[in-house]
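>>> This is a predicted model, with the sequence first.
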Amino acid sequence: MIRFENLTKSFLVQGQRRIVIDNLNATLPTGKSLALLGRNGAGKSTLLRMLAGTMRPDSGRIISDGRISWPVGFGGSFHGDLTGAQNVRFIARIYGVDTDSLLAFVDDFAELGRYFHMPVRSYSSGMKSRLTFGASMGIRFDTYLVDEVTAVGDVSFRRKSRALFAERMRTSSAILVSHEMGQLRAFCDAGIVLADGRISYFDDLEEAIELHHELMQ
């Protein structure tokens, strides 16, 4: 269960306050993998970061009874001056998982080669996404926050990422942002549409996609 209570977030844009999340009150059900839909700039990434605890709301709060991942695919999750391996080691300590096991998993999965032991600031955006995806999938979360990450890399890596994500979804749920409707249909069984700072929840994913298409027009 994830519950939003009077959640508000705004940003100062060209001297004016722009509200992205507007006094949001909603409860997301347990055990559902949700497609998060909305126009560009609607606040999807902002909502994911607040769910992960990496961004604070202006007011209100988020309550959850499970463990939530950081936003997979968001390269800013890691410290640029530390190596990929050092970042993973730090994460293992924070989440209380076996350090050696997580290091081995990420090293093998992310396919970074020697860059795994180089500073993250030297990585391309794709390499950062592969590192964050590998580290996140190496830890068992109740809810994974995913932002387009399975589109990263070549065909072989994308296939491997999707297979691993599908395996994780057998025991966990996710909130997934993607512009690929086929990807959402493959992984999600319900949807939420973010518009004008509020969300609409749909048990039927197709209804959420239909509303999203209407808003895009």
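Now that the structure is in, tell me what you want to look at. Note that this is a predicted model, so its numbers are computed, not measured.
>>> and stretch 8-22, how far out from the chain's middle?
22 Å (C-alpha atoms, centre = their mean, to the nearest Å).
>>> can you list the weak-confidence ranges in this structure?
Applying pLDDT under 70 to the chain flags residues 73-77, 149-153.
>>> all strands of it, in order?
Here the chain has its strands, by DSSP state E, at 2-13, 16-28, 34-37, 59-64, 68-72, 143-147, 173-177, 190-195, 198-202.
>>> buried sites along the fourth one?
Taking 16 or more other C-beta atoms under 10 Å as the basis for neighbour counts, the residues of strand 59-64 that come out buried are 60, 62. For every residue, glycine as well, the C-beta is placed using N, CA and C.
>>> What ranges does the protein have for its helices?
Ranges of helices in the chain, per DSSP state H, are 44-52, 84-95, 99-110, 125-137, 155-168, 181-187, 205-216.
>>> Excluding chain neighbours, what is closest to residue 99?
Leaving aside its chain neighbours, residue 99 sits nearest to residue 92 (4.2 Å; criterion: C-beta to C-beta, 6 or more residues apart in numbering).
>>> try residue 45
residue 147 (6.2 Å).
>>> That neighbour: neighbouring residues, count only.
Neighbourhood size, residue 147 [other C-beta atoms under 10 Å]: 20.
>>> Domains in the protein, by residue range?
2-67+141-216, 78-140 (automatic domain parsing).
>>> picking up where we left off before, export the strands of the chain to TSV and tack on distance to residue 117?
Converted to TSV, the strands of the chain look like this (distance: least, C-beta to C-beta, whole Å):
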stretch	distance to residue 117
strand 2-13	36
strand 16-28	38
strand 34-37	34
strand 59-64	34
strand 68-72	22
strand 143-147	26
strand 173-177	30
strand 190-195	39
strand 198-202	41
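>>> Just say which of those is most tucked in.
Mean neighbours per residue, mean count of other C-beta atoms under 10 Å, is largest over the strands of the chain for strand 34-37, with a mean of 27.
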